[in-house]
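Colleague: how would this look folded up:
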Amino acid sequence: DQYLTLFQVGFRKGGIQLFGPLGRRTQLEVVLAGLLLASLLALFGCAITLGVHPARSICLTEACVTVASKIVEALDRSADPCQDFYQYACGGWVRKNPLPDGRSRWSTFNSIWDQNQAVLKHLLENGTFNSSSEAERKTQSYYLSCLNEQRIEELGAQPLIDLIAKIGGWNITESWDKDNFLDVLKIVSGPYRAQPFFTVGVSVDPKNSNSNVIQVDQSGLFLPSRDYYLNKTNEKVLKAYLDYMVELGLLLGGDKNSTRVQMQQILDFETALANITVPQDERRDEEKLYHKITIADLQVLAPAVEWLDYLNFVLPPLELNDTEPVVVYAKEYLQQVSDLINKTDHSLLNNYMIWNLVQKGASSLDQRFENAQDKLLESLYGTKKSCTPRWQTCIGNTDDTLGFALGALFVKSTFDKQSKEIAEGMINEIRTAFKEALDDLNWMDEQTRQAAKDKADAIYDMIGFPDFILDSKELDDVYEGYEVTEDNFFQNMINFYNFSARVMADQLRKPPNRDQWSMTPPTVNAYYMPTKNGIVFPAGILQAPFYAQHHPKALNFGGIGVVMGHELTHAFDDQGREYDKDGNLRPWWQNSSVDAFKNRTECMIDQYTQYTINGEHINGKQTLGENIADNGGLKAAYHAYRSWVKKNGEEKRLPAVNLTNDQLFFVGFAQHVYDMLTK
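Modeller: Just a heads-up that it's a prediction; the model follows:
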């Protein structure tokens, strides 16, 4: 009777009412009543042992009950958390969430992105869609063109066949112009944004963060890494890749026998490229990678390409001369790829370059091309034929293309403006905890410590969305010149490649825009930008289970707080630490602290290299930055939470979970954030 009375009183004071005005219970009320009764009865036994009073120590709000239910459901209490914390925290969730068909992975990040996509689908398919923004109308037209499968099937492979003919032909499907190497290279890597041999772009100069510069780096592999080409254990994948290449060649009009022979030659050429490509784990020291030279120097380094002609075409309408600075990140590779180009037959070079274009165009063609891709993905990632509904594929494509206009629709529909202020406050609390932890580093000298605190203070926070997307005129100006129709998805894609090439070239003589985002507002992720010393948290991740206004602070700090700490720590990982508080790549640590830091990172490399996934060892060197950010971010977020508790007092506990709030912090981290941080 005593606990039943507390149960009823607690609900009256807690903000929700057990019974409606006529004494009838809604379905939610019945579920909540059952959950709470079970929770309180379970806690009755604990109350004697722990000496707590349930009415004062247990949170019985609707938000607390709901989130407690989800946490309990995700736990595997049969596991010992001291032996296998992942199984304890996530075993129940894994058991109840089998991997969906067509997916190689599944986590809370995937499910939230699915929710965001459903919101966007409703907005774009709403019959009353009537936006005053031209950019938002383009978003709907693009999405509908992707949905129009009947029109896509009618066009078949013809749009890509016509494009290949326009460029000068392809030996696999028709005769080609034997003397057009540079012309084809310029066209496929300029207006069509394919990247055979190397990448060329315009971005912030790492050693002068107030200006943009032309940048050139290694490129040219279709498979995820060079190991797929060079490791003999990947022969199954290489066979599937060759089959995919042949199938696309046949769909575009190639002869069965000659297509296989020529595609094998392309694959052999890609393997030669893989052989000279520098592995990613050897490219982590950006000070060593950075080489600023002139176009004239680049011509001497890699003479197989007429660089001045090439760059003037790729970066119109500027008139570049051979004194124009270029930042090169793969000096030896460019020298070797130039030698490889010079000794390779022009027919093979042409086949390879057009193959790069075919890869980019195939995803916008009919179902036969999608089926071919599904077979390759099954070999690469173990996924069966994709069961993703067409509308989800189209939302993803629209986000890739018109993501900030799509983000405007998303933010206006879903984003709680108060979340921005609360997130800013949490970042400051985590920043403070991070700086306080610097005082405990006995290996860091005082000068470097103060400079690190100054850098932490200077980190620029971007939360939710860039302001320009809510101004129709500014948003329309961003996408001005990009033409979109509802009846030609392939052409919309080609137009976007042309448009993005023009936008990129236009940045060269302009100062970098500090407020420019690399992730769109609906994205469920976050990132750190070393050249801007900024951290970005899109609206897509500022929601449950990572953050909710009425959730316990333990869960918010263990969720979005750890994400914030992770991104902040990237400013001080093995790569981020090379950039100063203004985003410039320069030595700002004292040598003694650099040496001490490197000694400790070697320990972390060794530690993570010992871990295995599916029997394969992790590359501790390649994952070093993420591992540093994981550990530093978790530590900063936990200390920030403990500081919050000191100021505000202990929170009430969740019902039925039977965890202290400190334990809840780590369980929340494991259930919601861990998957992203280790991807």
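Colleague: what about the stretch 451-600 of the chain, any weak spots by pLDDT?
Modeller: Scanning the stretch 451-600 of the chain for pLDDT under 70 picks out no residues.
Colleague: please enumerate the helices of it.
Modeller: Per DSSP state H, counting those that start in this stretch, the stretch 451-600 of the chain has helices spanning 472-478, 489-506, 553-556, 562-570, 591-609. These are given in chain order.
Colleague: which of these sits most buried?
Modeller: Across the helices of the stretch 451-600 of the chain, averaging neighbours per residue (mean count of other Cβ atoms under 10 Å) puts helix 562-570 on top, at a mean of 27. For the C-beta atoms, the positions are set from N, CA and C on the backbone; glycine is no exception.
Colleague: other SSEs contacting that one?
Modeller: Applying 3 or more Cβ pairs under 8 Å, 6 or more residues apart in numbering; DSSP states H and E, we find helix 562-570 packed against helix 417-438, strand 527-529, strand 534-538, helix 624-648, helix 674-677.
Colleague: again, only this time at 6 Å
Modeller: Using 3 or more Cβ pairs under 6 Å, 6 or more residues apart in numbering; DSSP states H and E as the contact test, the elements touching helix 562-570 are helix 417-438, helix 624-648.
Colleague: now do the helices in the stretch 251-400 of the chain.
Modeller: 256-276, 286-289, 295-301, 307-314, 331-342, 346-362, 367-381, 390-414.
Colleague: out of the ones you listed, which comes closest to residue 448?
Modeller: Residue 448 lies closest to helix 286-289 among those, at 16.2 Å (Cβ to Cβ).
Colleague: the domain parsing of this protein - what is it?
Modeller: By the assignment in automatic domain parsing, the chain contains the domains 2-73, 157-364, 415-466+517-648.
Colleague: turn the ones you listed into a markdown table, including distance to residue 474.
Modeller: Listed next are the domains of the chain as a markdown table, based on distance: least, Cβ to Cβ, whole Å:
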| stretch | distance to residue 474 |
| --- | --- |
| domain 2-73 | 36 |
| domain 157-364 | 20 |
| domain 415-466+517-648 | 9 |
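Colleague: backbone torsions only: list them for residue 234.
Modeller: phi -100, psi 20 (degrees, to the nearest 10).
Colleague: which residues does it contact?
Modeller: residue 228 (Cβ atoms under 6 Å, 6 or more residues apart in numbering).
Colleague: how about residue 369?
Modeller: By Cβ under 6 Å, 6+ apart, the contact list for residue 369 reads residue 362.
Colleague: any idea how far residue 357 is from it?
Modeller: 14 Å (Cβ to Cβ, to the nearest Å).
Colleague: equivalent analysis for residue 409, please.
Modeller: 32 Å.
Colleague: picking that back up, of the domains of the chain, which shows the lowest average pLDDT?
Modeller: Among the domains of the chain, domain 2-73 has the lowest mean pLDDT, at a mean of 48.
Colleague: in terms of secondary structure, what does the helix or strand hosting residue 69 contact?
Modeller: Assigned by DSSP states H and E, residue 69 belongs to helix 62-74. In terms of contacts (3+ Cβ pairs under 6 Å, 6+ apart), helix 62-74 is packed against helix 27-50, helix 85-96.
Colleague: please redo it, this time with the cut-off set to 7 Å
Modeller: Contacts defined by 3 or more Cβ pairs under 7 Å, 6 or more residues apart in numbering; DSSP states H and E place helix 62-74 against helix 27-50, helix 85-96, helix 661-672.
Colleague: CA atoms only: put it into CSV for me.
Modeller: Provided in CSV are the C-alpha atoms of helix 62-74 (Å, rounded to 0.1, in the frame of the first residue of the first chain):
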residue,chain,number,x,y,z
GLU,A,62,7.7,9.7,-19.0
ALA,A,63,11.1,10.4,-20.6
CYS,A,64,12.9,8.5,-17.8
VAL,A,65,10.6,5.5,-18.0
THR,A,66,10.8,5.3,-21.8
VAL,A,67,14.5,5.5,-22.0
ALA,A,68,14.9,3.1,-19.0
SER,A,69,12.8,0.6,-20.9
LYS,A,70,15.1,0.9,-24.0
ILE,A,71,18.3,0.6,-22.0
VAL,A,72,17.1,-2.5,-20.2
GLU,A,73,16.0,-4.1,-23.5
ALA,A,74,19.5,-3.5,-24.9
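Colleague: perfect, that will be all.
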